[in-house]
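J.: pasting the structure only:
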């Protein structure tokens, strides 16, 4: 599975163990739930709902991984109409962003 936890595999995480209890990967989750569940991981959120047009309020986690490139590859594979990619936690040193 290349370290990606896709929506089609609820209960899978990048470490090969069971997911923590909570919403299934295809359920809509609030950002608070996402932040509690996916600490120190990159998260692909599809069909995000925005608060004040800028901040994601809730959405469906399509995949999560500690490797940003894997999340980007999954986004290209799924090609969702609307998406958001977040890093949950402190941004790792040496990470570059393009706006």
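T.: Structure's in. What do you need? Because the structure is a prediction, the values reported are computed rather than measured.
J.: next up, the contacts around the residue most central in space within the chain.
T.: Centre of the chain computed as the mean C-alpha position; nearest residue by CA atoms, centre = their mean is residue 43, 1.8 Å away. By CB atoms under 8 Å, 6 or more residues apart in numbering, the contact list for residue 43 reads 34, 61, 63, 64, 71, 85, 86, 87, 88. Every residue, glycine included, has its C-beta placed from N, CA and C.
J.: out of these, which end up buried?
T.: The neighbour count (16 or more other CB atoms under 10 Å) marks 34, 61, 63, 64, 71, 86, 87, 88 as buried among those.
J.: pull up the pairing partners for the host helix or strand of the second one, direction included.
T.: When you say that, I think you mean residue 61. Element membership of residue 61 [criterion: DSSP states H and E] is strand 55-65. Within its sheet, and counting by DSSP bridges, strand 55-65 is paired with strand 5-6 (antiparallel), strand 28-30 (antiparallel), strand 41-51 (antiparallel).
J.: excluding chain neighbours, what is closest to residue 51?
T.: residue 57 (4.2 Å; CB to CB, 6 or more residues apart in numbering).
J.: that neighbour and residue 31, how far apart?
T.: 6 Å (CB to CB, to the nearest Å).
J.: these two - which one has more neighbours?
T.: When residue 57 and residue 31 are compared for neighbours, residue 31 comes out ahead with 20 against 12, by other CB atoms under 10 Å.
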